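Trainee: quick one, structure for this:
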Amino acid sequence: MCGEGDGLFFMTYIFDHIFKTGGTTFNLSYLLGAFPRNEVVIVRGFRDPNREDLERLMALPDEEKRRIKIIAGHNTGRLRPYYPDARFITIVRNPIDRGISGYLHVKHHPDAWQNRGRLIWENQIGLAEFIRDDIFAGERAPSVSMHDGQAKTVLGPDYSPDLGEEAVIEIIRSRYYLLGATERLELLLVCLHVLAGFPLVLFNNRLVRKERESFQPSAEDLAAIERYNRVDSLLHRCVCREFDRRIKELWSENTELLYQRYLAALNRFRLETKGIESVTPVLFNVGRVPGSLEPQEELSPGAFSLSDAVSHNESLVVGCGPVEVTTIPRRWAYAAAFPFRPGAVRFGDGTGPVLVRIEARVEHGRIGIGCVSPDMTSYFTAEIERTSEDGDTFFDIIMDPIESRHCGWLVVRNTAEQGVPSRVTLRSICTFKVDKIRPANVENPKIRMASNLA
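Mentor: Residues are numbered from 1 along each chain as shown. Okay, the predicted model is just below:
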């Protein structure tokens with residue numbers, strides 16, 4: 001997070017990694033592929049290294065705290081008092097899958113051998129006993145507990161075995177910006193892309209145990225997991241319910257097409273790289289979703305005007321139509337912003353979404369354009385990216401009638417890697433009515449299941 005007026009980042013995001021929910025994949029494959037290393041802090045594992053990293057983050061001067069985009073790792077909930085404005089994110093998992101994954105991890109992973117793995121092998125400890133005695137957590141590591149460990153982390157001081165569904169939902173809404181489920185990881189990434197401008201990345205999963213394919217839990221095993229994880233089961237249901245609500249609010253035909261393109265590219269990448277986790281992740285080119293929108297009546301005046309351009313971060317902005325924008329070299333730096341004209345587009349009374357179409361040519365590098373809130377703290381539309389290879393092109397942005405009531409700015413920023421500036425010529429910004437967009441089928445989304453993630 002960088003200071004206001006910086007235009008680089010206005011919000012720090014903290015990912016609270018819960019043991020055996022796919023967090024290693026999120027941290028090391030997704031985050032390190034999506035953001036520059038100097039903007040991400042991955043907190044080391046458990047015990048002393050984990051505590052040392054957290055204490056260092058707590059002690060940072062405010063100016064340095066504001067320069068961190070993402071903090072991720074176990075026990076990062078402890079940072080709440082030190083980063084009061086941060087947005088917290090986490091992932092939860094079906095307790096059955098999590099229990100099995102935890103057992104196989106401790107039994108087979110080299111890092112767990114000296115701690116508990118040897119004990120399991122020498123004493124032939126099965127899954128039910130592993131869960132019942134909470135063997136991996138013991139007395140020293142409650143953060144990896146298999147006794148409602150997810151609920152104790154997510155609900156914090158409000159945890160109680162007597163909580164009901166509505167109480168759990170109220171708590172998670174108050175404590176987290178966004179919660180997802182391991183089984184729907186790719187959908188969570190698309191949500192983060194739409195809501196907060198997070199890049200989409202092609203990557204392979206980590207710590208996927210081959211032993212899971214042949215492991216069959218017994219009825220005793222399943223009963224033990226259910227007995228000791230009743231609040232975890234409730235939490236998982238509540239998180240899925242809340243996640244579906246968020247999906248319904250932000251989804252559109254455009255988002256559905258983007259999601260399907262991303263899934264197809266991700267599956268192709270994993271096939272081509274044979275799922276090898278050490279393969280370097282690559283950014284997914286969001287590009288234009290072909291054939292997704294047909295503009296109807298043009299609205300005049302429009303939601304934005306080229307003549308209202310405001311320069312950010314000492315970027316060079318020349319002209320009032322067309323407008324040439326040259327960014328600074330730093331990736332993600334805001335370069336130009338156009339204020340929303342609320343009198344031009346009046347949402348409400350059944351008004352459908354509108355299309356903001358920017359006609360442009362990226363002369364050099366990579367440019368991202370999207371709509372942000374008045375204080376520039378968050379995106380509420382997808383950020384559309386184009387490169388110099390696209391030639392004459394359009395940036396098509398859908399403004400939802402509910403979210404767009406709070407629109408502040410149309411932002412142009414540099415999304416090029418390797419510290420190079422980008423340059424774009426904006427020829428026009430037009431606003432159109434479009435047909436009502438169908439909602440996504442969130443009840444049965446076309447999701448590649450990821451239940452074997454570590």
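Trainee: quick one: the strands in the stretch 101-250 of the chain, in order.
Mentor: In the stretch 101-250 of the chain, the segments counted as strands under DSSP state E, counting those that start in this stretch are 178-181, 201-202.
Trainee: pull the residues that contact the first one.
Mentor: Read it as strand 178-181. Residues from elsewhere that reach strand 178-181, judged by Cβ atoms under 8 Å, 6 or more residues apart in numbering: 87, 89-94, 154, 172, 187-188, 191-192, 195, 236, 239-240, 242-243, 246. Backbone N, C-alpha and C define where each C-beta goes, glycine included.
Trainee: what's the answer for the last one, then?
Mentor: Identification of contacts with strand 201-202 by Cβ under 8 Å, 6+ apart yields 29-30, 33-34, 189, 265-266, 269, 281-284.
Trainee: okay, now the domains of this protein?
Mentor: As assigned by automatic domain parsing, the chain contains the domains 1-284, 298-433.
Trainee: would you turn those into a markdown table with mean neighbour count?
Mentor: Shown next, in a markdown table, are the domains of the chain (neighbours: other Cβ atoms under 10 Å):
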| stretch | mean neighbour count |
| --- | --- |
| domain 1-284 | 18 |
| domain 298-433 | 19 |
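Trainee: can you list those domains in JSON lines and add mean pLDDT?
Mentor: Shown next, in JSON lines, are the domains of the chain (pLDDT from 0 to 100):
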{"stretch": "domain 1-284", "mean pLDDT": "88"}
{"stretch": "domain 298-433", "mean pLDDT": "85"}
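Trainee: quick revisit: indicate which one of the strands of the stretch 101-250 of the chain is closest to Phe395.
Mentor: Comparing those against Phe395 with Cβ to Cβ, the closest turns out to be strand 201-202 (20.8 Å).
Trainee: Thr381 and Leu195 touch, don't they?
Mentor: No. The criterion here is Cβ atoms under 8 Å, and Thr381 misses it with Leu195 at 9.4 Å.
Trainee: which residues does the closest residue to Tyr176 other than its chain neighbours contact?
Mentor: The shortest distance from Tyr176 to any non-neighbouring residue, by Cβ to Cβ, 6 or more residues apart in numbering, is to Phe88 (4.9 Å). Taking Cβ under 8 Å, 6+ apart, we find Phe88 in contact with 13-16, 77, 80, 175-177.
Trainee: quick check, nearest of these to Cys407?
Mentor: Sorting the contacts of Phe88 by how near they are to Cys407, with Cβ to Cβ, puts Tyr177 at the top with 19.2 Å.
Trainee: does that closest one touch Arg87 like I think?
Mentor: Yes. With contact defined as Cβ under 8 Å, Tyr177 counts as touching Arg87 (3.7 Å).
Trainee: what touches both of the two?
Mentor: Shared contacts of Tyr177 and Arg87, defined by Cβ under 8 Å, 6+ apart, are found at Tyr13.
Trainee: run through the bridge partners of Asp16.
Mentor: Legend: beta-bridge partners of Asp16 under DSSP bridges are Gly73, Thr90.
Trainee: which residues touch it?
Mentor: By Cβ under 8 Å, 6+ apart, Asp16 lies in contact with 75-77, 88-90, 153-154.
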